[in-house]
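Enquirer: fold the following, please.
(one chain, ligands or ions: 1)
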Amino acid sequence: MTGRAKICGLSTPETVKAAVDGQAAFIGFMFFAKSPRNIAPDVAARLAPPARAANVKVVAVTVDPDDVLLDQLSATLKPDFIQLHGKETPSRAREVAARTGAGIIKVFSVSEPSDLDPARAYESVADYLMFDAKAPAGFDRPGGTGARFDWTMMKGRRFERPWLLAGGLDPWNVAEAVQLSGAPLVDVSSGVERGPGIKDPSLISAFLEAVRRA
Ligand SMILES: O=C(O)c1ccccc1N[C@@H]1O[C@H](COP(=O)(O)O)[C@@H](O)[C@H]1O
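Expert: Down below sits the predicted model:
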């Protein structure tokens, strides 16, 4: 794995190709019915091979997933990582890892510095931590909203796991976000779309180029 970015919510071969060609570290497929990026596990399984061939890690993005979904994902997509974007406890995260054999990316919704504190309790079970902006009022999903938080909140914070910055990133602001936060890795969804759930290959390429230069 060479890249420093995760491109999330992919649903077409063209956008997977843009992410792979641009040396993304991870691609994410969304499994949450309320998301405009939601796809079926078997569709994701058909999209994933070019990423695997290039050693780009495949992430299944979920929100409080039940065991039925986890078993479907294990039987079809076989993700390298499961992203837990809901209210999963550390013990549930441990169960998910044991049940699927996948690594864990645990997400924390941030609007103020104390929102970073719960991450400590997950450092022994998660392979990666992710800090995303808290969803604004009125959204019926916890991520993929395009909202940002104050990136300077992350500066100088130390964690025992590598972490990703998420929330409102795009090709034009990601360099500043990396500089202000000190993020080793970044994650994007709506910032590389031309409409809700419609990824744009040229925006994916521009985002990955901006990350390489940052
Ligand atoms: O993308 C979604 O619709 C989504 C729904 C539910 C949970 C997580 C979701 N996406 C994740 O949120 C980050 C940040 O999104 P954005 O860049 O602000 O649009 C995204 O990368 C996904 O990991």
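Enquirer: need the three-state assignment for Ile204.
Expert: Three-state call for Ile204 (DSSP: H, G, I helix; E, B strand; the rest coil): helix.
Enquirer: excluding its backbone neighbours, what's nearest it?
Expert: Computed as Cβ to Cβ, 6 or more residues apart in numbering, the closest residue to Ile204 that is not its neighbour in sequence is Ala18, at 4.1 Å. The way it works is simple: take the backbone N, C-alpha and C, and place the C-beta from them, glycine included.
Enquirer: wait, what's in contact with that neighbour?
Expert: Shown in contact with Ala18 (Cβ atoms under 8 Å, 6 or more residues apart in numbering): 7, 201-202, 204-205.
Enquirer: model confidence for it, exactly?
Expert: In this model, Ala18 is scored at 98, pLDDT.
Enquirer: where does it fall, secondary structure wise?
Expert: Element membership for Ala18 (DSSP states H and E) is helix 13-21.
Enquirer: tell me the helix or strand right after that helix.
Expert: Scanning forward in sequence from helix 13-21 by DSSP H and E, the next helix or strand is strand 26-30.
Enquirer: export that next one as CSV, just CAs?
Expert: Output in CSV follows, covering the C-alpha atoms of strand 26-30 (Å, rounded to 0.1, in the frame of the first residue of the first chain):
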residue,chain,number,x,y,z
PHE,A,26,-8.1,2.3,-0.2
ILE,A,27,-11.4,2.2,-2.0
GLY,A,28,-14.7,2.1,-0.1
PHE,A,29,-18.1,0.6,-1.1
MET,A,30,-21.1,1.8,0.9
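Enquirer: check which helix or strand covers Gln83.
Expert: Using DSSP H and E, Gln83 maps to strand 81-84.
Enquirer: just Val43 next, same as before
Expert: Using DSSP H and E, Val43 sits in helix 41-47.
Enquirer: what's in contact with that helix?
Expert: The contact list for helix 41-47, computed with Cβ under 8 Å, 6+ apart, reads 10-13, 16, 29, 31, 58, 60, 69, 72-73, 75-78.
Enquirer: swap in 10 Å and give it another go.
Expert: Residues from elsewhere that reach helix 41-47 (Cβ atoms under 10 Å, 6 or more residues apart in numbering): 10-13, 15-17, 27-31, 39-40, 58, 60, 69, 71-79.
Enquirer: quick check: next helix or strand after that helix?
Expert: The first helix or strand that comes after helix 41-47 along the chain, using DSSP H and E, is helix 49-53.
Enquirer: give the pairing partners of the helix or strand just after that following helix; include direction for each.
Expert: Past helix 49-53, further along toward the C-terminus, the next helix or strand under DSSP H and E is strand 57-62. According to DSSP bridges, strand 57-62 forms sheet pairs with strand 26-30 (parallel), strand 81-84 (parallel).
Enquirer: distance to Pro136, mean neighbour count and mean pLDDT added to those, as CSV?
Expert: Below are the strands paired with strand 57-62 laid out as CSV (distance: least, Cβ to Cβ, whole Å; neighbours: other Cβ atoms under 10 Å; pLDDT from 0 to 100):
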stretch, distance to Pro136, mean neighbour count, mean pLDDT
strand 26-30, 19, 27, 98
strand 81-84, 21, 27, 98
